[in-house]
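dropping a prediction and its sequence here:
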Amino acid sequence: MKNSIVIGGGAAGMMAAVIAARRGNRVKLYEQNEKLGKKLFITGKGRCNVTNNTDCEDLLSNVISNPKFLYSAFYDFDAGACMDFFEEIGVELKTERGNRVFPKSDHSSDIIRALEYEMRRLGVEVHLNSKVKSLLVTDGVCEGIKLSDGKEIKADNVLLATGGVSYPLTGADDSGLRMADETGHKVTELYPALVPLRTREVWCHELMGLSLRNVSAKIKNGKKTLYEGFGEMLFTHFGVSGPLILSASSKITKHLKKSELMLTIDLKPALTPEQLDKRILRDLESAKNKQFKNALSDLLPSGLIPVVIELSGISPEKKANELTRAERLSFGTLLKNLPLTVYDTADFKDAIITQGGISVKDINPSTMESKRVQRLYFAGECMDVDALTGGFNLQIAWSTGYLAGSNM
Ligand SMILES: Cc1cc2nc3c(=O)[nH]c(=O)nc-3n(C[C@H](O)[C@H](O)[C@H](O)COP(=O)(O)OP(=O)(O)OC[C@H]3O[C@@H](n4cnc5c(N)ncnc54)[C@H](O)[C@@H]3O)c2cc1C
């Protein structure tokens, strides 16, 4: 029977602890917080989007950083296996729009409680309020851990599953990454991802709270398109957010370190420029005696009208039937290309995920064991892997936790 240590009682750590214990290991789990799964608790707005009910190729296509590295982990423990696992330990699940899987109860706490029960059933020793300070490594072999109170605990193998640095409110910090760094692993630069974006334009801030559905967004660096997508977005007091923008952020966060980027919003993506012009013409004709500012209520949300008119340079008081053809066409072009300048992301404290982490080049993708230190394993967000929203990030944690736990 092997003695295993798991550092971190989040998604990846708890999964690994269960699997290692099921394989006959004696497992001790150390968590710095006063309870397990603090970040898991807030996932999916408290409902926990556990996984995405899809095949491995689709899982991989939703991974932003290092999808190839996750091939074995996903094929060993895919979304179906993950759903079976949770149903077996007593969590009933349901699949919603976009294949998103949630507990039937809509309570993330059910996921945490089921994992806790299963660990208890298997005899996993859980140590809360226990911060791990360093790894004990001798001659390239991990032999245990040292706690922040100085206590040393020996083990046959150790798993580092300390998560990313985003949402520090949940206790997330860089202590795990530091331990990896101290033991010779490369830690790549960290960026906030799945995060709102900051824009220069002040008008954007004034629209705080306004959400736009069925719009498309394009983000460019000079002539190069970095992102194109369709969906829902939201204006905030510092810029833009919402599902469409969060997805965009994961594709552009690294580029923002170097330069500002151009975001253009197409407010009418379903219409060609010609169709949109006809539509504007119709609206103007049916409101011909009204002022321009009062002729757009069928076309745009009311909050947006003064902003768009100001950007167009057309007088808001001008009579609807007095607009020139050139003015009308340029107004249509503006609606299909509303320009914003993105200069930064919001901070890690508002980022759903951390991009960057322990370099996957230092980890064996078939076992999750370190290539630099024997008997040391990694799982979850502490590694340089991240994905889009939809349950894919938790699936990374479950799959890599499963693989590490199986090989410990
Ligand atoms: C608001 C929000 C909503 C989200 N919603 C979803 C969602 O619905 N679906 C989805 O797929 N993903 C979601 N995510 C992402 C998902 O939560 C993470 O990808 C996932 O939790 C990563 O699991 P992990 O086990 O690697 O890390 P974590 O869950 O962060 O667990 C790491 C644990 O290690 C502990 N730890 C760290 N350092 C030490 C140390 N030195 N000693 C002891 N313990 C330590 C931490 O306290 C923590 O409990 C969301 C994230 C956020 C912030």
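Looks like it arrived, so ask away.

which residues of the stretch 51-200 of the chain lie near the ligand?
Counting by Cβ under 6 Å from any ligand atom, the positions of the stretch 51-200 of the chain adjacent to the ligand are Lys131, Val132, Ala161, Thr162, Gly163, Ser166, Tyr167, Gly171, Ala172, Ser175, Gly176. In short, each C-beta sits where N, CA and C put it, glycine included.

export these to a markdown table and tack on pLDDT, secondary structure and neighbour count?
Listed next are those as a markdown table, based on pLDDT from 0 to 100; DSSP: H, G, I helix; E, B strand; the rest coil; neighbours: other Cβ atoms under 10 Å:
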| residue | pLDDT | secondary structure | neighbour count |
| --- | --- | --- | --- |
| Lys131 | 98 | coil | 15 |
| Val132 | 98 | strand | 24 |
| Ala161 | 98 | coil | 31 |
| Thr162 | 98 | coil | 32 |
| Gly163 | 98 | coil | 29 |
| Ser166 | 96 | coil | 26 |
| Tyr167 | 95 | coil | 19 |
| Gly171 | 91 | coil | 16 |
| Ala172 | 94 | coil | 23 |
| Ser175 | 97 | helix | 17 |
| Gly176 | 98 | helix | 27 |
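
just give me the closest of these to the ligand.
Gly163 (2.6 Å; Cβ to the nearest ligand atom).

does that closest one touch Ala172 like I think?
Yes - the criterion here is Cβ atoms under 8 Å, and Gly163 meets it with Ala172 at 5.6 Å.

joint contacts of the two?
By Cβ atoms under 8 Å, 6 or more residues apart in numbering, Gly163 and Ala172 have these common neighbours: Lys39.

which residue does the chain have closest to the ligand?
For the chain, Cβ to the nearest ligand atom, closest residue to the ligand: Gly10, 1.8 Å.

next, the contact list for that residue, please.
Contacts of Gly10 by Cβ under 8 Å, 6+ apart are Leu36, Gly37, Lys38, Lys39, Leu40, Ala161, Thr162, Gly163, Gly380, Glu381, Ala397.

just give me the neighbour total for Thr272.
11 (other Cβ atoms under 10 Å).

and the strands in the stretch 201-350 of the chain, which stretches?
In the stretch 201-350 of the chain, the segments counted as strands under DSSP state E, counting those that start in this stretch are 211-221, 224-235, 239-241, 261-266, 338-345.

quickly run through the sheet partners of the longest one, with directions.
When pairing is defined by DSSP bridges, strand 224-235 lines up against strand 211-221 (antiparallel), strand 239-241 (antiparallel).

out of those, nearest to Gly356?
Nearest of these to Gly356, taken as Cβ to Cβ: strand 211-221 at 19.4 Å.

got the buried residues for the closest one?
Across strand 211-221, burial judged by 16 or more other Cβ atoms under 10 Å covers Leu212, Val215, Ser216, Ala217, Lys218, Ile219, Asn221.

likewise stretch 220-227?
Here stretch 220-227 shows Asn221, Leu226, Tyr227 as buried, counting by 16+ other Cβ under 10 Å.

list of residues touching it?
In contact with stretch 220-227 (Cβ under 8 Å, 6+ apart) are residues Ala217, Lys218, Ile219, Ser247, Ala248, Lys251, Ile252, His255, Ser259, Leu261, Met262, Thr264.

surely the third one meets Thr341?
If I follow you right, that is Ile219. No - between Ile219 and Thr341 there is no contact, the gap being 10.8 Å when judged by Cβ under 8 Å.

find the residues that touch each one of the two.
Contacts common to Ile219 and Thr341, judged by Cβ under 8 Å, 6+ apart, are Leu261, Met262, Leu263.

I'd say the last one and Leu256 touch.
Meaning Leu263. No - counting by Cβ under 8 Å, Leu263 does not reach Leu256; the two are 11.1 Å apart.

any residues in contact with both of the two?
Taking Cβ under 8 Å, 6+ apart as the contact criterion, the residues that touch both Leu263 and Leu256 are Val342.

of these two, which one has the most company?
Using other Cβ under 10 Å as the criterion, Leu263 and Leu256 rank with Leu263 on top: 26 against 21.

do you know how far the more buried one is from Asn321?
Counting by Cβ to Cβ, to the nearest Å, the gap from Leu263 to Asn321 is 34 Å.

Ile396 now?
From Ile396 to Asn321 the distance is 58 Å (Cβ to Cβ).

same drill for the two, tell me which one is more crowded.
Taking other Cβ under 10 Å, Ile396 and Asn321 do not tie; Ile396 has more neighbours (27 against 13).

so where does that one fall, helix or strand?
helix 392-407 (DSSP states H and E).

which residues of the stretch 201-350 of the chain fall in helices?
Assigned by DSSP state H, counting those that start in this stretch, the stretch 201-350 of the chain shows helices spanning 202-206, 243-256, 273-286, 304-312, 325-336.

just the buried positions in the last one, please.
Okay, so that is helix 325-336. Under 16+ other Cβ under 10 Å, the buried positions of helix 325-336 are Glu327, Arg328, Phe331, Gly332, Leu334, Leu335, Lys336.

now those residues as JSON lines including pLDDT and distance to Met368?
What follows is these, written out as JSON lines (pLDDT from 0 to 100; distance: Cβ to Cβ, whole Å):
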{"residue": "Glu327", "pLDDT": "95", "distance to Met368": "61"}
{"residue": "Arg328", "pLDDT": "95", "distance to Met368": "60"}
{"residue": "Phe331", "pLDDT": "97", "distance to Met368": "56"}
{"residue": "Gly332", "pLDDT": "97", "distance to Met368": "54"}
{"residue": "Leu334", "pLDDT": "97", "distance to Met368": "51"}
{"residue": "Leu335", "pLDDT": "97", "distance to Met368": "50"}
{"residue": "Lys336", "pLDDT": "98", "distance to Met368": "47"}
